[in-house]
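J.: Sequence isn't available, so here's the structure alone:
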């Protein structure tokens, strides 16, 4: 379960993208362009699809018909993203043409690219339907690091770039440990970090190594 950060793209064989990130993009587009009714309609349809997907999640003990459910959801998403193939003309490209041409309006370009992002990640959007233990959003992890993000946005940071980076690493590590240590106390945190020195590898490195061993990433094809 991740957001759409590009570094995660080919890291996993099973990969659920966070629906909250995608829906927020549609919400922002609709709110910033209230006269474009198409954006509001798209948002409503996307939220309806998401809610329908949550309501038909498959039980781990009974996977019968699960593939068919996912296929129907994917078909609905493709039908919803009807403008995904439209060309986006950037201002830089438009200026280079002779004579210059009109670039795609910024909000329309954002709309097309959002539809393209959804359509290009079909296999990563409904993993939570097939596997009930997977969450459709990574809101829990985000809530743990939200305070640090708010501090950064409000410029309540360290007085140097090096200090800000150090603080960001420490707080992010602690927030991540909070989801992994049953009893989150200072003593247990120190014991966990001490074990990293003894093992020569952090908990996060161990998790990644175990995952990559069990699920090696696909070999890129040319």
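T.: Great, that's in hand. Small disclaimer: the values here were computed from a predicted structure and weren't measured. Numbers count the residues shown, from 1 in each chain.
J.: contacts, neighbours, all on C-alpha from now
T.: Fine.
J.: Residue 4 against residue 18, yeah?
T.: Yes. Taking C-alpha atoms under 8 Å as the definition, residue 4 is a contact partner of residue 18 at 7.5 Å.
J.: who's in contact with residue 83?
T.: For residue 83, the contact set (C-alpha atoms under 8 Å, 6 or more residues apart in numbering) comprises 112, 115.
J.: So it versus residue 77, what's the distance?
T.: Applying C-alpha to C-alpha, to the nearest Å, one obtains 12 Å for the distance of residue 83 from residue 77.
J.: do residue 29 as well
T.: In terms of C-alpha to C-alpha, residue 29 sits 18 Å off from residue 77.
J.: again with residue 33
T.: Separation of residue 33 from residue 77 (C-alpha to C-alpha): 22 Å.
J.: For the two, indicate the residue with more neighbours.
T.: Taking other C-alpha atoms under 10 Å, residue 33 and residue 77 do not tie; residue 77 has more neighbours (20 against 15).
J.: Verify the stated contact: the more buried one with residue 120.
T.: No. With contact defined as C-alpha under 8 Å, residue 77 does not reach residue 120; the gap is 10.7 Å.
J.: The lowest-mean-pLDDT helix or strand in the chain: what's the following helix or strand?
T.: When each helix and strand of the chain is scored by mean pLDDT, DSSP states H and E, helix 139-153 comes last, with a mean of 64. Past helix 139-153, further along toward the C-terminus, the next helix or strand under DSSP states H and E is helix 161-178.
J.: how far out from the middle of the chain is that next one?
T.: For helix 161-178, the separation from the chain centroid amounts to 21 Å (computed by C-alpha atoms, centre = their mean, to the nearest Å).
J.: tilt between the very next helix or strand once past it and helix 161-178?
T.: Under the assignment DSSP H and E, the closest C-terminal helix or strand after helix 161-178 is helix 186-199. Inter-element angle recorded for helix 186-199 and helix 161-178: 100 degrees (by axes from the mean of the first three to the mean of the last three C-alpha atoms, to 10 degrees).
J.: Need the residues that contact helix 186-199.
T.: 177, 181, 202-203.
J.: For residue 133, state which of those is nearest.
T.: Within the contacts of helix 186-199, distances to residue 133 taken as C-alpha to C-alpha reach their minimum at residue 181, with 18.6 Å.
J.: And the pLDDT at that closest one?
T.: According to the model's per-residue confidence, residue 181 sits at a pLDDT of 88.
J.: What is the burial count for it?
T.: Applying other C-alpha under 10 Å, we find 12 other residues in the vicinity of residue 181.
J.: do the one 5 residues further on as well
T.: Neighbouring residues of residue 186 were enumerated by other C-alpha under 10 Å; the total is 9.
J.: same question, residue 121
T.: By the criterion of other C-alpha under 10 Å, residue 121 has 16 neighbours.
J.: do the one 10 residues further on as well
T.: The criterion is other C-alpha under 10 Å. On that basis, residue 131 has 15 neighbouring residues.
J.: how close does it sit to residue 70?
T.: From residue 131 over to residue 70 (counting by C-alpha to C-alpha), the distance is 11 Å.
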